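A.B. asks: Sequence first, then the predicted structure:
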Amino acid sequence: MNITHIKEKIRREFYQRDVLTVAKELPGKILVKKKGKSYLSGRIVEVEAYDGEIDQAAHSYLGRTKRNEIMFGEGGYLYVYLSYGVHFCCNVVTGVKNKGTAILIRAVEPIEGIGIMSKNRFGKKSLTEKEMNNLTSGPGKVCKAFGIGISHYGIDLTGDKIFLLNADLKKGEKIISSKRIGITKSAHLPWRFFIKNNPYLSRK
DNA sequence: CCACGGATTGGCT
DNA sequence: GCCAATCCGTGGA
């Protein structure tokens, strides 16, 4: 018994819509990675939208390359890249074919498999409260905790390895937007969407 | 072929 | 608050 028995997997049509529409709905949804018999899951609490047609910060802005190829496919696939030569970051590809849009998953709130995530991140199973809040509060941290790397590039999110589940926000929760973090080009666009006051945000 | 810099993190000051 | 670590995609010569 795990969360996949309770919630419904998100279907292709959800991802194939406009990137901003999807990005606004993503906080609250549940990221799941299945590894053998064990499940890792967490609620998405923070995302950023990237649109190669008008957004210079998007990896797809300069056109199609081998690295960003998956961004130009149809929505519902995973785009993974290496950041600063050190950390992996994962994105949900959105829109129809040739759009070049994706959403960076920046932070999640752990639900299942916290022991495994802790081991992936800190090499031990039990964490201090401080480490717990630091477990998945950033894009590189999410990938490390979930064990997501370049081998997961292009995975179909409607398959059964990595996928999202439908879920509603908890009572009183609110999604708000701000400028995106850590970019210099097209920095003014308010395309970061997150759950207000959530303790797992990469920044408040 | 080579130089540059980035959607980050963690450790030190 | 600042900065090093560390890789490779990208673009110019």
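C.D. replies: Received it, and whenever you're ready, just let me know what you need.
A.B. asks: Select the helix or strand of chain A having the lowest average pLDDT value.
C.D. replies: helix A:129-133 (a mean of 90; mean pLDDT, DSSP states H and E).
A.B. asks: Which secondary structure state is assigned to the closest residue to residue A:110 other than its chain neighbours?
C.D. replies: With sequence-adjacent residues excluded and distances taken as CB to CB, 6 or more residues apart in numbering, residue A:110 is closest to residue A:42, at 4.7 Å. Every C-beta, even on glycine, is put in place using the N, C-alpha and C of the backbone. At residue A:42 the chain is in strand, as set by DSSP: H, G, I helix; E, B strand; the rest coil.
A.B. asks: what sits against residue A:42?
C.D. replies: A:30, A:31, A:108, A:109, A:110, A:111, A:112, A:136, A:142, A:146 (CB atoms under 8 Å, 6 or more residues apart in numbering).
A.B. asks: All the helices of chain A, in order from the start?
C.D. replies: Remark: helices assigned in chain A by DSSP state H are A:12-15, A:19-25, A:114-122, A:129-133, A:139-146.
A.B. asks: For chain A, which residues are neighbours of DNA strand B?
C.D. replies: Chain A comes close to DNA strand B at residues A:48, A:50, A:57-60, A:71, A:79, A:81-87, A:89, A:91, A:102, A:104, A:121, A:134, A:138-142, A:144, A:180-185, A:202, as judged by CB under 7 Å from any atom of the strand.
A.B. asks: How about the residues of chain A by DNA strand C?
C.D. replies: So far as CB under 7 Å from any atom of the strand goes, chain A lies against DNA strand C at A:59, A:62, A:63, A:65, A:66, A:67, A:68, A:82, A:84, A:85, A:86.
A.B. asks: If we use 10 Å, what do you get?
C.D. replies: Contact residues (CB under 10 Å from any atom of the strand) of chain A with DNA strand C: A:59-69, A:71, A:81-87, A:140, A:150, A:153.
A.B. asks: Which PyMOL command selects the buried ones in those?
C.D. replies: A single PyMOL command selects the buried members of the residues of chain A next to DNA strand C (16 or more other CB atoms under 10 Å):
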select buried, chain A and resi 59+60+61+68+71+81+140+153
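A.B. asks: Quick check: bridge partners of the residue most central in space within chain A?
C.D. replies: The centroid of chain A falls nearest to residue A:105 when counting by CA atoms, centre = their mean (2.3 Å). The residues listed as beta-bridge partners of residue A:105 by DSSP bridges are residue A:47.
A.B. asks: surely it meets residue A:142?
C.D. replies: Yes - assessed by CB atoms under 8 Å, residue A:105 is found in contact with residue A:142 at 5.9 Å.
A.B. asks: Between these two, which contacts overlap?
C.D. replies: By CB under 8 Å, 6+ apart, residue A:105 and residue A:142 have these common neighbours: A:31, A:90.
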